[in-house]
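Engineer: could you work out the structure for the sequence below:
(one chain, ligands or ions: 1)
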Amino acid sequence: MNQRVIVDPVTRIEGHLRIEAETDAEGRITRASSAGTMVRGLEIILRDRDPRDAWAFAQRICGVCTLVHGIASVRSVEHALGIAIPRNAELIRNLMIAAQYVHDHVMHFYHLHALDWVDVVSALKADPKRTSELAQSLSGYARSSPGYFSDVRKKLKGFVDAGQLGIFANGYWGHPAYRLPPEANLMAVAHYLDALAWQRDVVKLHAVFGGKNPHPMFLVGGVPCAISLHTDRAGRGGGHGKGPHFRGGDGATALNVVGLQTVQNVIRQMRQFVDQVYVPDTLAIAGFYKDWFTQGEGVGNFMTFGDFPAKGMGDPSGYLIPGGVILDRDLKKVHPIDFQAEGEIQEFVSHAWYDYGGGKDQGLHPWKGETKLNYTGPKPPYKQLDLEQSYSWLKSPRWKGKPVEVGPLARVLMLYATGHQPTKELAGMALKKLGVPMAALFSTLGRTAARTLETKLIADAMQGWYDELVANIKGGDLNTFNGAKWEPSTWPKQARGVGIMEAPRGALSHWIVIEDGRIANYQAIVPSTWNAGPRDAANQQGPYEAALQGHRIHDGRQPVEILRTIHSFDPCIACAVHVAGPGGEAGPAVVTGLAGS
Ligand code: NFE
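Structural biologist: Numbering: from 1, shown residues only. Alright, predicted model coming up:
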């Protein structure tokens, strides 16, 4: 019987995502539709405000990729007004963005995605001694003794016996699609718990540079963290006339030696966890699911905007991750992006609950973007969406009319295509270990593996930025702010800018139009919008929708296959629709509805 398998909400993501998958008699997906079920509002809130304040509002788009909207926002204003930031500010921003990647990707792997592959309940059957042998065969990670795994198993048994799986509730435990032996399951559960503790520590990097996390502080023209090696715990000047006074601590208001040492420790902790836990776990788990290297590709087009500048955002030749577009999997040609051209980056609303002044089939460049809400869907509670009409609060962004995938896979492919040697070596090592060809990257697990590989590349790069920052400070360069154009009286009457960056989930852009010192228009095109958006005016599917095509759903009440592919993108619908949630609802468990059609 043909069915419509509905997953709403998709959990272990940020925000509200609904998938409606139409299947044939064999349970194969013939058409999948992706719907964001809550609405954006940030663009409207930003109108008429001071552009120098925009980051503080824009950053509240999301608390997962906590800093990226702050960075994209200040970059949009800097681009509009022609402000160059000091090298120290660039290094500090690079370190903060990189820390966000490492934190976010590890969290995604263990806490949002692993349970699609790891059967928590099966871990109870594991032998702690054999688990220890398995863990020690994979890496030199210290927490790998039989006693350690025995304790984790005991803890887990406590959850299960009490009927309170807590954070592990509502998985499809026992589903035949789970293939790991009990020992691999126990090891992964142990690392899930370790990663929770680890993230609490590494988040300190943001607190040192930006005051807090989530939502650290930013500043148009630089970073708000002054550097002073002469401050004590209370931030008072020290030194007693004897040169630098190397005291200081958590209470200091300026970046000092203690803060820098904390950053160095975080970088070490990050690299250690990535090398000893995240990379080996990804390869070990992926080895049991090689059929997932041949499905879940998506649209076959990939886009990056580029990030981690070495010579300012104005000079893309200095970016660690280059920008460009790869079409139809062809890694031999990278197409340049023209951000200003009207026909390149556009958003469509043909199947979204918005109107455009010029008609629903029009595509708009974001400087001319409109945010006019028009909900025409069924009245809740509803069983099905009308997929022939509008069915999502996400718009459909397109590059030259084409759907493109953004995110870790796009970045790894771009680094590979542009000859980045460490990427080539790392990808080569991973593919060899797994015994799969390069084409395996174009898949559900290829996307997940690419996220792991880029985490290692970026964690390794952090040490270089840190060393350069310390060398600058030692050389007497304490500058973190360019205030030359701080005053609106120095601005032109009208200015337009785009702030680009690579957020963990992919290419992010904030578009600002400034008139008479105020924001006349503001549009954010977010990675999850590129990936999760609905069909466009030409009926082309977005990447999520295309990636689900052809998946065989074995049990419509437990569609773990849909979760595997959707989670491989790491959805954030809060970002994609810039949620304004009225009720502060907690995310309920995965609900699967079957509606015959
Ligand atoms: Ni809310 Fe985000 C990232 C942005 S979403 S997580 O990464 O921008 O796509």
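
Engineer: pull stretch 148-165 out as CSV, backbone CA atoms only.
Structural biologist: Provided in CSV are the C-alpha atoms of stretch 148-165 (Å, rounded to 0.1, in the frame of the first residue of the first chain):
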residue,chain,number,x,y,z
TYR,A,148,35.3,2.3,33.5
PHE,A,149,33.0,0.5,31.0
SER,A,150,31.6,-1.6,33.8
ASP,A,151,30.6,1.6,35.6
VAL,A,152,29.0,3.0,32.5
ARG,A,153,27.0,-0.2,32.0
LYS,A,154,25.8,-0.1,35.6
LYS,A,155,24.7,3.5,35.2
LEU,A,156,22.8,2.6,32.0
LYS,A,157,21.2,-0.5,33.7
GLY,A,158,20.0,1.8,36.4
PHE,A,159,18.2,4.0,33.8
VAL,A,160,16.6,1.0,32.1
ASP,A,161,15.6,-0.8,35.3
ALA,A,162,13.9,2.4,36.5
GLY,A,163,12.0,2.7,33.2
GLN,A,164,13.6,6.1,32.9
LEU,A,165,15.9,6.2,29.9
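
Engineer: for it, buried residues please.
Structural biologist: Within stretch 148-165, the residues that count as buried by 16 or more other C-beta atoms under 10 Å are 148, 149, 150, 152, 153, 156, 159. Glycine gets a C-beta too; all of them are placed from N, C-alpha and C.

Engineer: residues in contact with residue 529?
Structural biologist: Residue 529 sits next to 347, 394, 395, 397, 575, 576, 577 when contact means C-beta atoms under 8 Å, 6 or more residues apart in numbering.

Engineer: filter those to the buried ones?
Structural biologist: Neighbour counting by 16+ other C-beta under 10 Å classes 347, 394, 395, 397, 575, 576, 577 among the contacts of residue 529 as buried.

Engineer: ok so residue 136 is a helix residue?
Structural biologist: Yes - under DSSP: H, G, I helix; E, B strand; the rest coil, residue 136 sits within a helix.

Engineer: the spatially closest residue to it that is not a sequence neighbour and the ligand, how far apart?
Structural biologist: Beyond its immediate neighbours in the sequence, the residue positioned closest to residue 136 (C-beta to C-beta, 6 or more residues apart in numbering) is residue 144, lying 5.2 Å away. Separation of residue 144 from the ligand (C-beta to the nearest ligand atom, to the nearest Å) stands at 31 Å.

Engineer: neighbours of residue 144, just the number please.
Structural biologist: By other C-beta atoms under 10 Å, the residues close to residue 144 number 21.

Engineer: list the contacts for whatever residue of the stretch 251-400 of the chain ends up closest to the ligand?
Structural biologist: Proximity of the stretch 251-400 of the chain to the ligand (C-beta to the nearest ligand atom) peaks at residue 394, 10.5 Å away. Contacts here follow C-beta under 8 Å, 6+ apart; on that basis residue 394 touches 34, 35, 36, 352, 528, 529, 532, 533, 534, 573, 576, 577.

Engineer: rerun at 7 Å
Structural biologist: 36, 352, 529, 532, 533, 534, 576, 577 (C-beta atoms under 7 Å, 6 or more residues apart in numbering).

Engineer: quick one: mean pLDDT over stretch 63-80.
Structural biologist: The average pLDDT within stretch 63-80 is 94.

Engineer: what pairs with residue 227 across the strands?
Structural biologist: Counting by DSSP bridges, residue 227 forms beta bridges with residue 255.

Engineer: hang on, isn't it packed against residue 473?
Structural biologist: Yes - with contacts counted by C-beta atoms under 7 Å, residue 227 reaches residue 473, the gap being 5.9 Å.

Engineer: so which residues on the stretch 1-150 of the chain come close to the ligand?
Structural biologist: With C-beta under 6 Å from any ligand atom as the criterion, the stretch 1-150 of the chain comes near the ligand at residues 14, 62, 64, 65, 68.

Engineer: repeat that with 8 Å
Structural biologist: Counting by C-beta under 8 Å from any ligand atom, the stretch 1-150 of the chain comes close to the ligand at 14, 15, 61, 62, 63, 64, 65, 68, 69, 72, 104.

Engineer: and these as a markdown table, adding neighbour count and secondary structure?
Structural biologist: Listed next are those as a markdown table, based on neighbours: other C-beta atoms under 10 Å; DSSP: H, G, I helix; E, B strand; the rest coil:
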| residue | neighbour count | secondary structure |
| --- | --- | --- |
| 14 | 21 | strand |
| 15 | 25 | coil |
| 61 | 29 | helix |
| 62 | 27 | coil |
| 63 | 14 | coil |
| 64 | 23 | coil |
| 65 | 28 | coil |
| 68 | 29 | helix |
| 69 | 30 | helix |
| 72 | 28 | helix |
| 104 | 23 | helix |
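
Engineer: find the least confident helix or strand in the protein, judged by mean pLDDT.
Structural biologist: Every helix and strand of the chain was ranked by mean pLDDT, DSSP states H and E. The lowest is strand 592-596, at a mean of 30.
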